[in-house]
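Trainee: after the sequence you'll find the predicted model.
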Amino acid sequence: MAIAPARSLVPSLAPESTVARYATYGVAILAGSLLIAVAGKITVPFWPVPATLQTLAIFIIAAAFGRKLALATLAAYMVEGAIGLPVFTGGGGLAYFAGPTGGYLAGFVVAAGLTGWAADRGLDRNALKLFAVNLAGAAIILLLGAAWIALAFGPDKALAWGVGPFIITDVIKAALAAAVVPAGWQIATLFRR
């Protein structure tokens, strides 16, 4: 018999009533997509892809929301950008998916799914384990981003432009996100007493 997965932070705090629970999820998805958009506007200039706080926001959201809500949040974010809302670092619109950040956008979704999956299994309660998962997610984002850059600009540019400038910042963001969500569990535990 399979063990039921642990619930991540936000679903564990959501109301028991079905209507209230889904309303809470809807608000969380909207708030999460807005947080990713705002984090994308906080940039450190690099070329061709700026470094932003998006991965930090995505790791926090995925660990707090769990896989299903994290993927729904990323889907909402991508749809908002696709219809032209300026949620991406450089704006919005379908053409943005074909630009140099297209691989990173795909990586965001995969990384959110991985971190959310880990959170659903209780790894979001341990900072070290969550950090390891976030590092794997950062590697996925960088790998897909570099692969996309290699297609657009050539393989020689992929590592220099798509990976190298972001390794240190992504490790820092993975660590920060790994500290925030377990702290959120501690705060939630205090309020439940």
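Mentor: Here it is on my side, so go on.

Trainee: got a pLDDT number for the nearest residue to residue 157 once chain neighbours are set aside?
Mentor: By the measure of Cβ to Cβ, 6 or more residues apart in numbering, the closest residue to residue 157 outside its immediate chain neighbours is residue 149, 5.9 Å from it. C-beta: built from backbone N, CA, C; applies to glycine. You'll see residue 149 listed with a pLDDT of 89.

Trainee: go ahead and confirm residue 149 touches residue 164.
Mentor: No - taking Cβ atoms under 8 Å as the definition, residue 149 is not a contact partner of residue 164, at 11.3 Å.

Trainee: between these two, who's got more neighbours?
Mentor: Using other Cβ atoms under 10 Å, the more surrounded residue of residue 149 and residue 164 is residue 149, with 25 against 13.

Trainee: before we move on, the earlier item: which positions within whichever helix or strand the residue nearest to residue 157 is part of qualify as buried?
Mentor: Assigned by DSSP states H and E, residue 149 belongs to helix 127-153. Across helix 127-153, burial judged by 16 or more other Cβ atoms under 10 Å covers 127, 129-131, 133-135, 137-150, 152.

Trainee: and for stretch 94-114?
Mentor: Within stretch 94-114, the residues that qualify as buried by neighbour count (16+ other Cβ under 10 Å) are 96-97, 99-114.

Trainee: ok, stretch 166-176 next?
Mentor: Of the residues in stretch 166-176, those buried (16+ other Cβ under 10 Å) are 166, 169-170, 173-176.
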